[in-house]
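1. got a structure for you, letters missing:
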């Protein structure tokens, strides 16, 4: 009884075609991708029928979490004169001036710290703590921004509070706008940018955008709106996710 | 494909090389590419974020607010967004904030009578506002967020903004048929809804502290969908609060 002799077949599968496809896909993803920005928390933005696209540059995005913590991301032009690095350095200078004027306290930065700030995407720690934050390692910074180091006295979020009626009146009545919250100081500092396109965007109303989770209490969003309104920045945008119009 | 035939040479040559095939195994390459693709797919944002423009009334020149306040009672509708309340008045936050919506037409203090109505002694102090509406005459009406519903907020808005919507509908038909592009449709629609011959409906949106930001945006969205030209976000006054509390204490 002879067994049927099977032909020994090679199991070699030609992967060339497969490789071609994957390389093509890879190229596609690499070219079309925009990376998720590192954010202190993930906000689930509310759906809206508005089709206006979020501008990629010349915008300062204010991120608010449900606890009322605020972080700011400023993106500028891609041109040489108004690059992100340059504008952030300028912002830090403006803010230092503004802070000194408002509170009488000076916060000074070393050149290294300034450089670190110019590389920073989003920022959001109390101004007094900013020099220490900028000197810290990236890992520590991440934890700091995420609020995991609060018990060691390292706070996250730009200080902002609910404005009382009296405060609102005082701020909008005074010409110099004294006694601003730290958040308002940052907004003022950003408005003083020498990037003309950002300036234009701010006066048009697309320069500031507010990003918050859809389950945030209105109280928290209202606080930010009031802060903007009292310093005359009453035009801004809300970040939303696209929803199809039902009709 | 992934093989190269090498050797052969000329027949005359002394060293007659054996014909051999070189096969390159692409499997590791594919593995690596797959990993990279997975990485890029997970790290990219496919969802392009959109923005919604809002303009709050300016503090400096109170022009806008004054205009709004002057909007005659017949034209004004105030919508108040609140969160669903538990019987004790606290917002019900189990499973997220559920929006509740109320509205009143005209001005709140319209029926000030000796025996009932709203009595305002000092507007800034909620304790001084007495709301004692006779049952059935409450100013506040509860609507639902369910847009298809008959008592939904959309039906109210469309009813009030009927003239504008009717004028815009032919344009929309044209747009759907492809005769107008988006920009043309938008600009024509803007002209129609700002035309005062269709009335001066003004919607004032207010939200309580407990209301969710998402429901506010949903409401702003309704303004866009229903082509409302004049709307604004305003602060909840003590009077509104009193009205709301009164309504909620009756309907638990």
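-> Cool, got the structure. Worth saying up front: this structure is predicted, and the values here are computed from it rather than measured.
2. switch to C-alpha atoms for all contacts and neighbour counts from now on
-> OK.
3. residue ranges for the strands of chain A, please.
-> Secondary structure of chain A (DSSP state E): strands located at A:47-48, A:59-64, A:70-75, A:122-123, A:208-212, A:235-242.
4. Just the pLDDT for residue 230.
-> In the absence of a named chain, this looks at chain A. Per-residue pLDDT puts residue A:230 at 85.
5. that answer is for a different chain, and I need it for chain B
-> For residue B:230, the pLDDT comes out at 80.
6. what sits opposite it in the beta ladder?
-> Beta-bridge partners recorded for residue B:230 (DSSP bridges): residue B:202.
7. ok, back up a step: deepest-packed of the strands of chain A, please.
-> Among the strands of chain A, strand A:208-212 has the highest mean neighbour count (mean count of other Cα atoms under 10 Å in any protein chain shown), at a mean of 25.
8. For that strand, name the packing helices and strands.
-> strand A:59-64, strand A:235-242 (3 or more Cα pairs under 8 Å, 6 or more residues apart in numbering or on different chains; DSSP states H and E).
9. Can I get the strands of chain A in TSV including mean pLDDT?
-> Output for the strands of chain A, formatted as TSV (pLDDT from 0 to 100):
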stretch	mean pLDDT
strand A:47-48	85
strand A:59-64	91
strand A:70-75	90
strand A:122-123	86
strand A:208-212	91
strand A:235-242	87
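10. Let me know which of these is the nearest to residue B:105.
-> Nearest to residue B:105 among those is strand A:47-48 (25.6 Å), distances taken as Cα to Cα.
11. Could you confirm whether that closest one reaches chain B?
-> Yes: Strand A:47-48 is in contact with chain B by Cα under 8 Å from any Cα of the partner chain, via A:47, A:48.
12. strands paired with that strand, and their directions?
-> strand A:235-242 (parallel).
13. can you give me the angle the partner strand makes with strand A:59-64?
-> Counting by axes from the mean of the first three to the mean of the last three Cα atoms, to 10 degrees, strand A:235-242 lies at 70 degrees to strand A:59-64.
14. from the chain's centre, how far out does strand A:235-242 sit?
-> Relative to its chain's centre, strand A:235-242 lies at 14 Å (Cα atoms, centre = their mean, to the nearest Å).
15. Point me to the residue sitting closest to the centre of chain A.
-> Residue closest to the average C-alpha location in chain A (Cα atoms, centre = their mean): residue A:73, at 2.7 Å.
16. Ranking helices and strands of chain A by mean pLDDT, which lands last?
-> helix A:165-173 (a mean of 78; mean pLDDT, DSSP states H and E).
17. Using neighbour counts, pick out the buried residues of that one.
-> Within helix A:165-173, the residues scored as buried using 16 or more other Cα atoms under 10 Å in any protein chain shown are A:168, A:170, A:171, A:172.
18. And for stretch A:100-109?
-> A:102, A:109.
19. end-to-end on that stretch?
-> 13 Å (Cα to Cα, to the nearest Å).
20. now the helices and strands packed on strand A:208-212 as a markdown table including distance to residue B:178?
-> Output for those, formatted as a markdown table (distance: least, Cα to Cα, whole Å):
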| stretch | distance to residue B:178 |
| --- | --- |
| strand A:59-64 | 34 |
| strand A:235-242 | 22 |
